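Participant: Sequence first, then the predicted structure, then my questions.
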Amino acid sequence: MAFVITHACEGEKAGECIETCPVDCIVEGEKQMYIDPDVCIDCGACEAVCPVEAIYPEDEVPEDQQQYIQINRDFFKNR
Ligand code: SF4
């Protein structure tokens, strides 16, 4: 499992999460930040510091934002 960055980050990109992540698996993209699900160690530090509450554990992503699980994954596939 991994943490997932969702819709609230779009256009916001506050950036606290990037500074907080102990394994450097959060990357800034054009639209939003993304978490590499293969590197994330599930510590929850990013979720705690996000000012717009855009970050969820994968199994708690809201129903209407489920697509972001794949969106985060795809960002790292295409790099
Ligand atoms: Fe990084 Fe921890 Fe957030 Fe995963 S849960 S992205 S390891 S800060």
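Facilitator: The structure has been received and is ready for your questions. Numbering: from 1, shown residues only.
Participant: Is Val23 in contact with Asp38, as I believe?
Facilitator: No. The pair Val23 and Asp38 fails to qualify as a contact (C-beta atoms under 8 Å) at a distance of 10.7 Å. All C-beta spots, glycine's among them, are computed from the backbone N, C-alpha and C.
Participant: The residue lying closest to Val49 once chain neighbours are set aside: neighbour count?
Facilitator: Ranked by C-beta to C-beta, 6 or more residues apart in numbering and with sequence neighbours excluded, the top spatial neighbour of Val49 is Glu16, at 4.2 Å. Applying other C-beta atoms under 10 Å, we find 15 residues neighbouring Glu16.
Participant: For Glu16, what are phi and psi?
Facilitator: The phi/psi pair for Glu16 (degrees, to the nearest 10) reads phi -60, psi -40.
Participant: now it: how far from Ala45?
Facilitator: Note on Glu16: its distance to Ala45, by C-beta to C-beta, to the nearest Å, is 10 Å.
Participant: One more: Asp38?
Facilitator: Distance of Asp38 to Ala45, computed by C-beta to C-beta: 18 Å.
Participant: So the two - more neighbours on which side?
Facilitator: Ala45 (17 against 10).
Participant: from what I can see that one touches Asp24, true?
Facilitator: No. Look at Ala45 against Asp24 with C-beta under 8 Å: they stay out of range, at 11.9 Å.
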